[in-house]
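J.: got a structure for you, letters missing:
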């Protein structure tokens, strides 16, 4: 009985140790990948997804800006941009002022639409 209990406790300690070491290893790998993603000379200014595994990006290299088209296995320079041409876009006033519809209003609206379609049939 005592031997079985000691075996169970020992196994539990080994499992906890393995989980802890896995956590520490994951943290070290994550720190390394963050450092690998940084650069002294380049940075991603902005990126816009334009499809599945496709994006258009603005990358700054020194004092120059490039517009890049990126797909899953390839990358193309589309244009070199001037810094003066990089103007942050504003959201339309109508969209910015529109209040968010709460869930109850959305359900009511869907119910009215469904009723409208059922009446047409």
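T.: Everything's here; your move. What you are looking at is a predicted structure, and each value in this text was computed from that prediction instead of being measured.

J.: and stretch 14-30, how far from the chain's centre?
T.: Distance of stretch 14-30 from its chain centroid, counting by C-alpha atoms, centre = their mean, to the nearest Å, is 25 Å.

J.: and this protein, what are its domains?
T.: Segmentation of the chain into domains, based on automatic domain parsing, reads 1-38, 41-84.

J.: lowest-confidence stretch among those domains?
T.: The stretch with the lowest mean pLDDT among the domains of the chain is domain 1-38, at a mean of 83.

J.: related to what we said a few turns ago, okay if I get the domains of the chain as CSV plus mean neighbour count?
T.: Every residue, glycine included, has its C-beta placed from N, CA and C. Below are the domains of the chain laid out as CSV (neighbours: other C-beta atoms under 10 Å):
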stretch, mean neighbour count
domain 1-38, 9
domain 41-84, 12
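
J.: need those in JSON lines (columns: distance to residue 111).
T.: Output for these, formatted as JSON lines (distance: least, C-beta to C-beta, whole Å):
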{"stretch": "domain 1-38", "distance to residue 111": "47"}
{"stretch": "domain 41-84", "distance to residue 111": "34"}
